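Colleague: What follows is a predicted protein model with its sequence.
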Amino acid sequence: MASQSIEDHRSGAEVHTGQELCVRKSREFLVELGLPDGLLPLPALEEAGYNRSSGFVWLRQAAGVTHTFDSIGKQVWYDKEVTAFVEPGRMHSLTGVKSKELLIWVTISEIVVSPSGTKIVFRTPAGLGRAFPVTAFQLTPAPAADGEQKEEASN
């Protein structure tokens, strides 16, 4: 099903291939959308695509992968194909992502950054959600306030 959606949105999309380029571009897409750059930690990507006119994004890798976000103690499984419709601060109609809750894997269908930008909420198809600090999913530290930058420069 995801493969068909990818083909439906491929026309007019920005498509990248090759592991290094795909990893970099997927992080750039996330940052451009106001999402944390470590949200989709897929080190072996083969293809990354973004159809800006429809807001459809896809990521393809050779095999599914499980990643543990150590700071919050959560395991997340990413399928061979991860797809979503995106808009600033939000991914919806997400496919290919599951989170381990207790002993079961729960499908994640939506990811939204709070208006304050400090929390990120993950929702299931049933609408149940769980919030975490955005910092748990950031690879690149958030820019420091002006006062902090001056302090560092003077040290």
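Modeller: Cool, got the structure. Numbering: from 1, shown residues only.

Colleague: Tell me the buried residues in the biggest helix by length in the chain?
Modeller: Ranked by residue count under DSSP state H, the longest helix found in the chain is helix 19-32. Counting neighbours by 16 or more other CB atoms under 10 Å, one finds that the buried residues in helix 19-32 are C22, V23, K25, S26, R27, F29, L30. Where C-beta positions appear, they are placed from N, C-alpha and C, glycine not excepted.

Colleague: Please apply the same query to stretch 47-66.
Modeller: By neighbour count, with 16+ other CB under 10 Å as the criterion, the buried positions of stretch 47-66 are E47, A48, G49, Y50, N51, G55, F56, V57, W58, L59, R60, Q61.

Colleague: Do a quick rundown of the strands in this structure.
Modeller: Chain-ordered strands for the chain, with DSSP state E as the definition, fall at 14-17, 45-51, 56-61, 65-69, 74-87, 90-101, 104-107, 110-113, 119-123, 129-133.

Colleague: and among these, the most buried is which?
Modeller: strand 56-61 (a mean of 23; mean count of other CB atoms under 10 Å).

Colleague: Contacts for that strand next, please.
Modeller: Outside strand 56-61, the residues within contact range by CB atoms under 8 Å, 6 or more residues apart in numbering are 2, 5-6, 9, 13, 22, 26, 29, 40, 42, 44-51, 78, 80-86, 91.

Colleague: give me that answer again for 7 Å
Modeller: Contacts made with strand 56-61 from outside it, assessed by CB atoms under 7 Å, 6 or more residues apart in numbering, are listed as 6, 9, 26, 29, 40, 42, 44-50, 80-86.

Colleague: Could you dump the buried residues of stretch 47-66 into TSV with pLDDT and distance to A136 added?
Modeller: Compiled in TSV, the buried residues of stretch 47-66 are given as follows (pLDDT from 0 to 100; distance: CB to CB, whole Å):
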residue	pLDDT	distance to A136
E47	97	27
A48	97	23
G49	97	26
Y50	96	24
N51	97	29
G55	96	25
F56	97	26
V57	97	21
W58	97	24
L59	97	20
R60	97	25
Q61	97	22
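
Colleague: Now distance to K98 too, for the residues you listed, in CSV please.
Modeller: Formatted as CSV, the entries for these read as follows, by distance: CB to CB, whole Å:
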residue, distance to K98
E47, 21
A48, 20
G49, 22
Y50, 23
N51, 24
G55, 23
F56, 20
V57, 18
W58, 17
L59, 15
R60, 17
Q61, 15
